[in-house]
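Asks: After the sequence you'll find the predicted model.
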Amino acid sequence: MHRRLLLGYSVEHRPIGAQELGDPTAGIRVLVVGCIHGNERAGISVARRLETTSAPQGVDLWVIDDLNPDGAAADTRQNAHRVDLNRNFPYGWLAAGRPGDQQYPGPRPLSEPEARIAYRLVLRLRPQITIYFHQPLGLVDESGGDPRVERRFAALSGLPLLRLTRYPGSAVGWQNHRLPHTTAFVVELPSSNHTSPSAARLARAVLTLAGEQPSREGRSTRPPRR
């Protein structure tokens, strides 16, 4: 099954949608976000490649190709309010700086519509795996979830596994804290000036990883409605 859903709108009223692929009643749910920083767009091509595929049997795959369309249009890290969306999530959020600063976290947690869209979807789906694509470091980050999952994706993608600094208010930090026993992690793609795994290889890595996950025994296969 392929289903396109409108999740909401950005600050400048650009639509933010998600593609659902697979069986909505499946025991494994996986979420992929192609872009959260508007000037780090390489992951969009991976997300769009996934949208043309089929999910593995037993997997409900959700793909947001671009969570920050205003930043992507302006070629800025931040959204149209000049907020770093990846510092706007509730866990560990810290007030700092001012609008336009590289990592300005916003005036309060979840102040930005784009962050609220991701927040609501994650709590609705409770995905076992969530992957956020970034640039330009060319690695898979040990982001605080299950290191075996992160290590496996690194092997499948051909990117090294390293641990980056954990920042306050990040999407993966919030998600791994709020949903223990799930894994949200960052994949940093290289800059356009360096050799990068192809979108096709990265998409295959996502599908392979998703297909390898065991369904949780004793758990409802339907995501809770919120």
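Replies: The structure has been received and is ready for your questions. Residues are numbered from 1 along each chain as shown.

Asks: right, and residue 71 touches residue 78 too?
Replies: Yes: contact status for residue 71 versus residue 78: in contact at 5.9 Å, counting by C-beta atoms under 8 Å. Every C-beta, even on glycine, is put in place using the N, C-alpha and C of the backbone.

Asks: mind listing what's buried in stretch 121-134?
Replies: Using 16 or more other C-beta atoms under 10 Å as the test for burial, stretch 121-134 gives 121, 122, 125, 126, 127, 128, 129, 130, 131, 132, 133, 134.

Asks: correction: stretch 22-29
Replies: 22, 23, 26, 27, 28, 29.

Asks: and if you look at stretch 139-159?
Replies: 139-146, 149-150, 152-154, 156-157, 159.

Asks: Which ones among those map onto helices?
Replies: Among the buried residues of stretch 139-159, the members found in helices (DSSP state H) are 149, 150, 152, 153, 154, 156, 157.

Asks: Would you mind measuring from the first one to residue 15?
Replies: Spelled out, it's residue 149. Separation of residue 149 from residue 15 (C-beta to C-beta, to the nearest Å) stands at 31 Å.

Asks: Helices of this protein, residue ranges please.
Replies: Going by DSSP H, the chain shows helices at 42-50, 69-74, 113-125, 147-157, 171-178, 199-211.

Asks: Take these and write them to a markdown table, including mean pLDDT and distance to residue 83.
Replies: Formatted as a markdown table, these follow (pLDDT from 0 to 100; distance: least, C-beta to C-beta, whole Å):
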| stretch | mean pLDDT | distance to residue 83 |
| --- | --- | --- |
| helix 42-50 | 96 | 20 |
| helix 69-74 | 98 | 10 |
| helix 113-125 | 98 | 8 |
| helix 147-157 | 97 | 27 |
| helix 171-178 | 98 | 13 |
| helix 199-211 | 96 | 28 |
